[in-house]
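Participant: let me see the structure of the following:
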Amino acid sequence: MALMPKRVKHRKSQRGRIRGNATRGNRVVFGEYGLQAEQGGWLSAQTIEAGRIAAQQYIRGEGKLYIRVFPQKSVTSIPLETRMGKGKGEPEYWAAVIKPGTILYELSGVGEAAAKLCLARLAHKMPVRVRMVKRG
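Facilitator: Take a look at the predicted model:
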C-alpha cells in the first residue's frame with residue numbers, strides 16, 4: 001500500500017517551486033549508508049514503495065532499511081480530452097518534494113559491498129539523480 005497522509009488541512013495543493021539545497025534531512029543519521037538526491041523533484045508514493053520493495057528483497061531480513069521521505073503533497077490532474085475551465089482536477093497521487101541533498105533511504109547492518117549493490121538497485125527506480133553516501 002502506497003504511503004499517504006492520514007489527514008490534511010487542504011485536499012489540493014499548488015505546485016510550488018523547488019529552490020535551493022536541502023538544509024534538513026541531508027545527512028545520514030539512522031544507518032551507515034544512505035541514498036542522497038543530487039537533483040530536485042517529486043517522488044511519488046508509488047516510487048517510494050517500489051524502492052522499498054527492491055531494497056527489502058535484496059537485503060532479505062539482514063540489515064535494516066530506513067525511509068527518510070514521506071509524500072505530503074497531493075498532485076492533481078484533469079482527465080484527458082477535457083475542455084478548458086471546470087476548475088482544478090482531483091488529487092491523483094501523493095508525492096514527496098525532494099530538494100538536492102536530501103537523504104531518501106538509509107541502510108544499516110550490511111557490509112559496504114552489499115549496501116552499494118542494494119542502493120544501486122534503488123537508484124534505478126528513482127526519477128532523480130542520486131548517489132551513495134556514508135555516515136560521518
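Participant: where's the most far-flung residue of the chain relative to its centre relative to Lys73, distance?
Facilitator: Most distant residue from the mean C-alpha position of the chain: Arg83, 33.0 Å away (CA atoms, centre = their mean). The gap separating Arg83 from Lys73 is 27 Å, by CB to CB, to the nearest Å. From N, CA and C alone the C-beta is placed, and that goes for glycine too.
Participant: any buried residues in the longest strand belonging to the chain, and which?
Facilitator: Across the chain, the longest stretch assigned as strand under DSSP state E is strand 90-98. Neighbour counts over strand 90-98 (16 or more other CB atoms under 10 Å) mark Pro91, Tyr93, Trp94, Ala95, Ala96, Val97, Ile98 as buried.
Participant: packing partners of it?
Facilitator: Applying 3 or more CB pairs under 8 Å, 6 or more residues apart in numbering; DSSP states H and E, one finds that strand 90-98 makes contact with strand 41-44, helix 45-59, strand 73-77.
Participant: dump the first one to PDB, restricted to CA.
Facilitator: Once non-C-alpha atoms are left out, strand 41-44 reads as follows in PDB (Å, rounded to 0.1, in the frame of the first residue of the first chain):
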ATOM      1  CA  GLY A  41      11.900  16.900  -8.000                       C
ATOM      2  CA  TRP A  42       8.900  15.000  -6.800                       C
ATOM      3  CA  LEU A  43       9.000  11.400  -5.600                       C
ATOM      4  CA  SER A  44       5.600   9.700  -5.900                       C
END
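Participant: parallel or antiparallel, list what pairs with it.
Facilitator: Using DSSP bridges, strand 41-44 pairs in its sheet with strand 90-98 (antiparallel).
Participant: for the helix or strand that comes right after the partner strand, the distance to its chain's centre please.
Facilitator: Next helix or strand after strand 90-98 toward the C-terminus (DSSP states H and E): strand 103-108. Taking the mean of its C-alpha atoms, strand 103-108 sits 11 Å from the chain's own mean (CA atoms, centre = their mean, to the nearest Å).
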